[in-house]
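A.B. asks: Just to be clear, the model below is a prediction. Sequence and coordinates:
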Amino acid sequence: MKQIKPSDKKNNPDSRNSHSLVYDKSNERLILYGGADSEGPLDSIFVYSLAKEKWEEVPNKMKDLKSREMHTCHIYYCEEGEDLPTFIKKEAKSSKPTVSIDQKKLIEVSFESPGIKESDHIPQIDPLKPIEIMKKDIVFEGVGLEEQKLPEFEVVLNEKNIKTQAFMIVIGGRTLDKISNEILAVDLNKWTCTTLFKLPHGICSHCSLIVGDELYIYAGTDGAGFLNYLYSYGLKSGVLKRFVVEDELKSIGGRIAANLVEDGEGNLMIFGGSTFEEEKNDVIVIKRKEISFEI
C-alpha cells in the first residue's frame, strides 16, 4: 500500500470534492473529471498513468463537458468504429412515448427511437410524496417475469482480436447554472463529447452503474426534491425506461448519495443514502432480470 501525494503543482490536480474517478483498463490509467473547490464546480480533466505514476492534465475543449460536480461517470467499451445512439433535437414523427401501468403500478416508458424532443421523453412528474420511514433489509423480488439473459461485455480484446474503443459516460451533475439532465459520452481517444440522451429532469447526487450495455441510474435530486426512480438506458439501443420504486414498495422514499452495485448474479444492490428525515443504512435488492420496465 502506498499513498501518492501531490508534489508537482503544475501537473497534479488541485484539491477537490464531489468529482468522479474512473479506471480505463485498456490504457491502464485513471481519469479524474470535474468536482468542486471553494469557488464552485470544475471542468478540468486529469489522467494518471499507472505505468509512469504521473498525472497529466487534458485540456478540456469540449463545450458540452462543462464544469460540474455531484455527477457520476463510468467507462464503457464497444467495438472500434461502432457509433452510439445520440440525442437528436429534431422531433421524430414516430417517436411518441408509450406509457403503461400494470396491476402492480409499475410505470414503464419506452421509445421507438432516441430522436425525440426532450419535452416528449416522459410525462410530467408529479410532486414527490411525503417520505415514509422504511424498514431495514427490504428485498424486492420483482414481478415474476421470465428471466432475460443480458450479454456480458469483454473489456479486453477477445479471441477474434476485435479492437475496442473506450468512452467515459457522464451522467447529470450540478453545473454552474443548473442541474444537468444529460447523459454524455466522451471518446477517450479523440477527447470529443457527444450527448447521448436527455433525462426528463436534472439529476445530481444520484448513483449509477453499467451492466453489459445497460446504464442504470437511481435516486438523486432534481433540485426540487429527492427522487425515487430507477432508470435504464440502453447504450446501444438508445431507449430510456423508468421504474418507480415506491410504487412497488411504499415504504421506500426518495434519497440522495446512495450506492449502487451489481452482485454478478443479476441483482442490483442499493445501500444507504440520505432521505429528508435521516441517514440510511438499509440494503435494497432488486432482481434486475425481473423488473417490469416493459409489458
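C.D. replies: Structure received. Numbers count the residues shown, from 1 in each chain.

A.B. asks: Could you use CA atoms for every contact and neighbour count after this?
C.D. replies: Will do.

A.B. asks: Look at Glu290 and report its pLDDT.
C.D. replies: Here the pLDDT value assigned to Glu290 is 76.

A.B. asks: pLDDT wise, what is Gly253 at?
C.D. replies: Per-residue pLDDT puts Gly253 at 83.

A.B. asks: just Pro127 next, same as before
C.D. replies: Pro127 carries a pLDDT value of 35.

A.B. asks: measure stretch 183-202 end to end?
C.D. replies: 11 Å (CA to CA, to the nearest Å).

A.B. asks: do the same with stretch 55-74
C.D. replies: The first and last residues of stretch 55-74 sit 20 Å apart, counting by CA to CA.

A.B. asks: now it: how far from the chain's centre is it?
C.D. replies: Averaging C-alpha positions (CA atoms, centre = their mean, to the nearest Å) puts stretch 55-74 15 Å from its chain's average.

A.B. asks: and the nearest residue to Pro85 once chain neighbours are set aside, what element?
C.D. replies: Nearest residue to Pro85, sequence neighbours excluded (CA to CA, 6 or more residues apart in numbering): Gly238, at 5.3 Å. Gly238 belongs to no helix or strand when assigned by DSSP states H and E.

A.B. asks: Now do Gly238 against Asp213, distance only.
C.D. replies: Counting by CA to CA, the gap from Gly238 to Asp213 is 10 Å.

A.B. asks: now do Glu262
C.D. replies: 14 Å.

A.B. asks: Leaving out chain neighbours, which residue sits closest to Leu65?
C.D. replies: Using CA to CA, 6+ apart, the closest residue to Leu65 is Cys193 (6.7 Å).

A.B. asks: hmm, who's touching the helix or strand hosting that neighbour?
C.D. replies: Using DSSP H and E, Cys193 maps to strand 192-198. Strand 192-198 is contacted from outside by 62, 64-65, 84-87, 114, 118, 181-187, 238, using CA atoms under 8 Å, 6 or more residues apart in numbering.

A.B. asks: Any idea how far apart the tips of stretch 37-49 sit?
C.D. replies: Taking CA to CA, stretch 37-49 runs 24 Å from one end to the other.

A.B. asks: pLDDT averaged over it, what's the number?
C.D. replies: Taken as a whole, stretch 37-49 carries a mean pLDDT of 96.
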